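Trainee: Provided below are the primary sequence and the corresponding predicted coordinates.
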Amino acid sequence: MSHDNPVCKGCGFEIIPVMADFDDPPPEYCYQCDPNYPRVKPADLERLVSVPAAYRKLVELNIVPYFSACGSVEFLNAEFIFDARQQSEIVERTLHLQPFAQTGSGDVWCWTAFRTGASGEPEVLLIDDSFKQVVVYAPNFQTFLYRSALEDASGRREIAPDELPPKILGMAKILRQINAVKLADDLDAIGARPVKDYTPERLRGQLRFLGLLSEEEVQERIKRFLGPEFLQQEHGYDFLARG
């Protein structure tokens, strides 16, 4: 946890600024806990470029824009998303994209209006904060949540070992809310595993990955549930110009 950011008096989580610095004085509550924060109306989601039905349902259930089960994803609040066309450099430079979440390092997940998956919903792109790399990350919102949980479960992210199984099981519950039953079943099975050392031999002595499955198992699941085309989907920034 950073010492520079305040802690919410409601939930106790660190309050992370979204693509901007805090005003002075900083807020006492995160937007999820602030009783005076304006809540998004589901009908307002029509204002976005492309809003998956699964995201819409999680908004209606007040699970999005932030839930602790998704340890590596920082969701932009819905009101910020509505204003992103004025505030986000990504949207200014590529009008067919809609940012909806970011990583702790500042990379941004976007829905795209120019690529749709087999389900007819917008694919999810991951754009690094330097605008040098674009990853076609998942074919829809459900598999985006699933893949992010797989990557958490691999132990390669900074999640305490005792917190990892509850996070994965929590994501399984969320996926059941949006009828992604097969994905939820798989995460339930992963969450029931013991935490083990999955550090690759070449990295032993430098890093330690305590997780619930190996990197090879992550890749196999991406291939099975998302499709083999999502294993190698790194592109340069000019990829976005195709829209």
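Mentor: That came in fine, so what should we check first? Computed from a prediction, not measured in an experiment: that's the story for all the values here.

Trainee: so the nearest residue to E234 once chain neighbours are set aside is in which element?
Mentor: Spatial nearest neighbour of E234, chain neighbours left out: V135 (5.5 Å); criterion: CB to CB, 6 or more residues apart in numbering. Every C-beta, even on glycine, is put in place using the N, C-alpha and C of the backbone. Secondary-structure element containing V135, defined by DSSP states H and E: strand 133-138.

Trainee: now do the helix or strand following that strand: which elements does it pack against?
Mentor: Reading on from strand 133-138 to the C-terminus, the next helix or strand found by DSSP H and E is helix 141-153. Judged by 3 or more CB pairs under 8 Å, 6 or more residues apart in numbering; DSSP states H and E, helix 141-153 is in contact with helix 53-60, strand 122-127, strand 133-138, helix 164-177, helix 181-191, helix 215-221.

Trainee: give me the residues contacting helix 141-153.
Mentor: Residues from elsewhere that reach helix 141-153, judged by CB atoms under 8 Å, 6 or more residues apart in numbering: 52, 54-55, 69-73, 109, 111, 121, 124, 137-138, 157, 159, 164, 167-168, 171-172, 174-175, 178, 180, 183, 186-187, 190-191, 211-213, 218, 221-222, 225-226, 230.

Trainee: now it against helix 164-177, angle please.
Mentor: Put simply, helix 141-153 runs at 170 degrees to helix 164-177, going by axes from the mean of the first three to the mean of the last three CA atoms, to 10 degrees.

Trainee: thinking N5 is in contact with E14, fair?
Mentor: Yes: using CB atoms under 8 Å, N5 is in contact with E14, at 5.0 Å.

Trainee: which other residues reach stretch 226-236?
Mentor: Contacts for stretch 226-236 (CB under 8 Å, 6+ apart): 132-139, 143, 146-147, 219, 222-223.

Trainee: just stretch 194-207 next, same as before
Mentor: Taking contacts as CB under 8 Å, 6+ apart, the residues outside stretch 194-207 that touch it are 154-155, 161-162, 164-165, 208-215.

Trainee: now do 10 Å
Mentor: 153-156, 160-165, 208-218 (CB atoms under 10 Å, 6 or more residues apart in numbering).

Trainee: lowest confidence element among the helices and strands of the chain?
Mentor: Counting by mean pLDDT, DSSP states H and E, the chain has its least confident helix or strand at helix 89-93, which shows a mean of 49.

Trainee: avg pLDDT for the helix or strand just after that helix?
Mentor: Remark: after helix 89-93, the chain's next helix or strand is strand 97-102, criterion DSSP H and E. Averaged across strand 97-102, the pLDDT comes to 80.

Trainee: and strand 97-102, what does it pack onto?
Mentor: Counting by 3 or more CB pairs under 10 Å, 6 or more residues apart in numbering; DSSP states H and E, the packing neighbours recorded for strand 97-102 are strand 74-75, helix 78-87, helix 89-93, strand 108-116, strand 122-127, helix 141-153.

Trainee: where among the ones you listed is the average confidence lowest?
Mentor: helix 89-93 (a mean of 49).
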